[in-house]
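Engineer: Pasting the sequence and the predicted model now:
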Amino acid sequence: MIAKYVRERHVLTLPEAIRKMTGWPATRMKLANRGTIQVGNWADVTIFDYDALQDRATYEKPMEFPTGIEWVLVNGVVTIDHGKHTGAKAGRALRGPGAAADKA
């Protein structure tokens with residue numbers, strides 16, 4: 001999204017794109033303490049090189065990792081360090097309030 005719509009097409013600003021990928025979906029899914037960097041929130045952070053950021057996934061190769069993502073913290077645990085997975089598994093599946101309806 002950032003490489004294509006911010007850097008190449010100039011459709012969104014960088015802050016708008018980040019909000020559309022983080023805070024807006026968390027709010028819409030009613031996921032408390034997620035999507036923004038604030039005291040008390042879960043520490044889910046991605047640090048990237050704006051100029052190197054590029055999605056490499058295609059329909060033929062959907063699991064290709066993007067370039068330009070340097071570090072990722074999931075629940076405060078470093079999961080990607082200098083572009084390499086550390087083996088950490090700090091995350092878990094999140095369910096919004098609609099998940100309770102699935103059990104009915």
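Structural biologist: Ah, there it is.
Engineer: only C-alpha atoms for contact and neighbour calcs from this point on.
Structural biologist: Fine.
Engineer: Distance of L14 relative to T58?
Structural biologist: Relative to T58, L14 is positioned 23 Å away (CA to CA, to the nearest Å).
Engineer: Can you give me the domain boundaries for this protein?
Structural biologist: Domains of the chain are assigned by automatic domain parsing as 1-38, 43-89.
Engineer: Turn those domains into a markdown table, including mean pLDDT.
Structural biologist: Listed next are these as a markdown table, based on pLDDT from 0 to 100:
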| stretch | mean pLDDT |
| --- | --- |
| domain 1-38 | 94 |
| domain 43-89 | 94 |
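Engineer: Tell me which stretches of this structure form helices.
Structural biologist: 14-21, 23-28, 99-102 (DSSP state H).
Engineer: got TSV for these, with distance to A93 too?
Structural biologist: Below are the helices of the chain laid out as TSV (distance: least, CA to CA, whole Å):
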stretch	distance to A93
helix 14-21	17
helix 23-28	13
helix 99-102	11
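Engineer: could you redo those helices as a markdown table and give each row mean neighbour count and distance to E8?
Structural biologist: Listed next are the helices of the chain as a markdown table, based on neighbours: other CA atoms under 10 Å; distance: least, CA to CA, whole Å:
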| stretch | mean neighbour count | distance to E8 |
| --- | --- | --- |
| helix 14-21 | 14 | 12 |
| helix 23-28 | 15 | 23 |
| helix 99-102 | 8 | 37 |
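Engineer: So which of those helices is nearest T46?
Structural biologist: Proximity to T46 (CA to CA) singles out helix 14-21 among the helices of the chain, at 10.4 Å.
Engineer: nearest to R95, of the domains of the chain?
Structural biologist: domain 1-38 (7.8 Å).
Engineer: quick revisit: now tabulate the domains of the chain in a markdown table and tack on distance to P97.
Structural biologist: A markdown table is the format used below for the domains of the chain (distance: least, CA to CA, whole Å):
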| stretch | distance to P97 |
| --- | --- |
| domain 1-38 | 7 |
| domain 43-89 | 20 |
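Engineer: quick one, which of these is nearest to G96?
Structural biologist: The minimum distance between G96 and the domains of the chain falls on domain 1-38, with 5.4 Å, by CA to CA.
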